[in-house]
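> Whatever this is, show me its structure:
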Amino acid sequence: MATCLYGLAISICPKPKTPTLTLNLHSNPSSSSFTRFSLPLRKPCIIIRSQTSSTSAMESNPSTEVYKDFSPFLIIYKDGRIERLANTDVVPTSFDPQTGVQTKDAVISDETGLTVRLYIPKAKVTENPTKLPLLVYYHGGGFCMGSPFCAYYNSYVTSLVAKTNVVAVSVAYRKAPENPLPIGFEDSWTALKWVGSHFEGKGPDEWLNNYADFGKVFLGGDSAGANIAHHMGLRIGYEGLVGVKLNGVVLVHPYFWGSEPLGDEPTEAENRAMAEGIWRFAFPTTSGADDPFINPGKDPKLGKLAAERVLVFVAEKDGLMHRGWHYSELLKKSEWSGSVEVVESKGEDHVFHLNNPTGDNAVALMKEIVSFINA
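Here you go, the predicted structure:
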């Protein structure tokens, strides 16, 4: 298997049909350079947002002097600004006549800017008085990229809602590096608690009050978002979330890692350091590759997962494939009493279903999710 950059690069890029880009990545400003790596391109969906840090060095006028250039994904300037590259698309909320799905946005926190996009299959909720299962979705992107509002993810979650007949909430957690982990995890938990506040039909959002069945809640995500979905399921298990019954978790190509190689993962120290480097980029205070946030095998709380069922997708050509299989084995060996299933997509790479949603394997993946939620 070809060595891949895990985290930022692999979580937003499958193996390319287009030329590759090479660059150097540092885990932090004081660390030594990693070796050069190939970074495949993919369909961009990133929102451009320039942000400044609160430190005094970043209160000066914007500068064009580059500190780190991670094109085509993001550029960090010496004054602290973060510029996300590629498309500037922000898909407005609307009713989609092709799928029958309606969307709207809700602000959870004015202070932090934490926002979610909500989805309903309009005809289903208006014609049928029965409440629908609820899916909370976390997008991928190496904890640094992506958004529920770009066409890439808005289109995918819309399709999920149309095919599964669920109410969905897609979470716009704050992203690294300007908001380093664990902020993204905390935002995701805050959003989940906000969702749970509607279980008695008395929350701030009428769609969740009227249409969502809190006895049939699912968490889902791809890549880094799958990592987040896993941790939210754990947190429900050991902290509790009143009124929420977590039926299942769907993890598509989850971004997990560890210091010990699995299967045919690279064994060379510098290649493993390269893979770990992007994790440190997103989470500067992490303990490393065996941090429980990235390595579930090192998490003593693993058996506390609240879900009754877990569905894990892996892709044959994905450098993270072995991590998905290993995760299922860890669950089986833990005190967790639920059931886990792994579905492998042959001949496919990381997040292929997002880049080619009409392909045969992507259609088959969607059917598996539909069956899982509607079982």
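> Okay, helices next: where are they in the stretch 201-350 of the chain?
Under the criterion DSSP state H, counting those that start in this stretch, the stretch 201-350 of the chain contains helices at 206-211, 224-239, 269-282, 321-333.
> So for F256, which of those helices sits nearest?
Of all these, helix 321-333 sits nearest to F256, with 4.1 Å by CB to CB. Where you see a C-beta, it was placed from the backbone N, CA and C, and this is true even at glycine.
> Just the buried positions in that closest one, please.
By neighbour count on 16 or more other CB atoms under 10 Å, the buried set for helix 321-333 is 321-324, 326-328, 330-331.
> Disregarding flanking residues, what is the spatial nearest neighbour of the most centrally placed residue in the chain?
Nearest to the mean C-alpha position of the chain, by CA atoms, centre = their mean, lies G225 at 1.5 Å. Leaving aside its chain neighbours, G225 sits nearest to Y138 (3.6 Å; criterion: CB to CB, 6 or more residues apart in numbering).
> what's across from that neighbour in the sheet?
Taking DSSP bridges as the rule, Y138 bridges to V171, G221.
> quick revisit: using CSV, please lay out the buried residues of helix 321-333 together with pLDDT.
Output for the buried residues of helix 321-333, formatted as CSV (pLDDT from 0 to 100):
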residue, pLDDT
M321, 97
H322, 97
R323, 97
G324, 98
H326, 98
Y327, 98
S328, 98
L330, 98
L331, 98
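> picking up where we left off before, deepest of the helices of the stretch 201-350 of the chain, which one?
Of all these, helix 224-239 has the most neighbours on average by mean count of other CB atoms under 10 Å, namely a mean of 24.
> just checking, what packs against the helix or strand that contains L354?
For L354, the host element (DSSP states H and E) is helix 352-355. Using 3 or more CB pairs under 8 Å, 6 or more residues apart in numbering; DSSP states H and E as the contact definition, the elements that helix 352-355 packs against are helix 151-164, helix 360-374.
> Tell me where this protein has strands.
Along the chain, counting by DSSP state E, strands occupy 21-23, 37-39, 66-70, 74-77, 82-84, 95-96, 101-107, 115-121, 132-138, 167-172, 212-222, 246-252, 309-315, 339-345.
> winner for burial among those?
Of the strands of the chain, strand 167-172 is the most buried (mean count of other CB under 10 Å), at a mean of 27.
> In terms of secondary structure, what does that strand contact?
By 3+ CB pairs under 8 Å, 6+ apart, strand 167-172 packs against strand 115-121, strand 132-138, helix 151-164, helix 183-196, helix 206-211.
> Next up, the contacts around E65.
77-79 (CB atoms under 8 Å, 6 or more residues apart in numbering).
> Tell me how far the closest residue to S109 other than its chain neighbours lies from E341.
Of all residues not flanking S109 in the chain, T190 sits nearest, at 7.0 Å (CB to CB, 6+ apart). Look at T190 and E341: by CB to CB, to the nearest Å, they are 30 Å apart.
> ranking the helices of the stretch 201-350 of the chain by mean pLDDT, which is last?
Per-segment mean pLDDT for these reaches its minimum on helix 269-282, at a mean of 84.
> what's the closest of the helices and strands packed on strand 167-172 to G347?
Taking CB to CB, helix 151-164 is the member of the helices and strands packed on strand 167-172 nearest to G347, at 20.7 Å.
> Having no further points to raise, I will conclude here.
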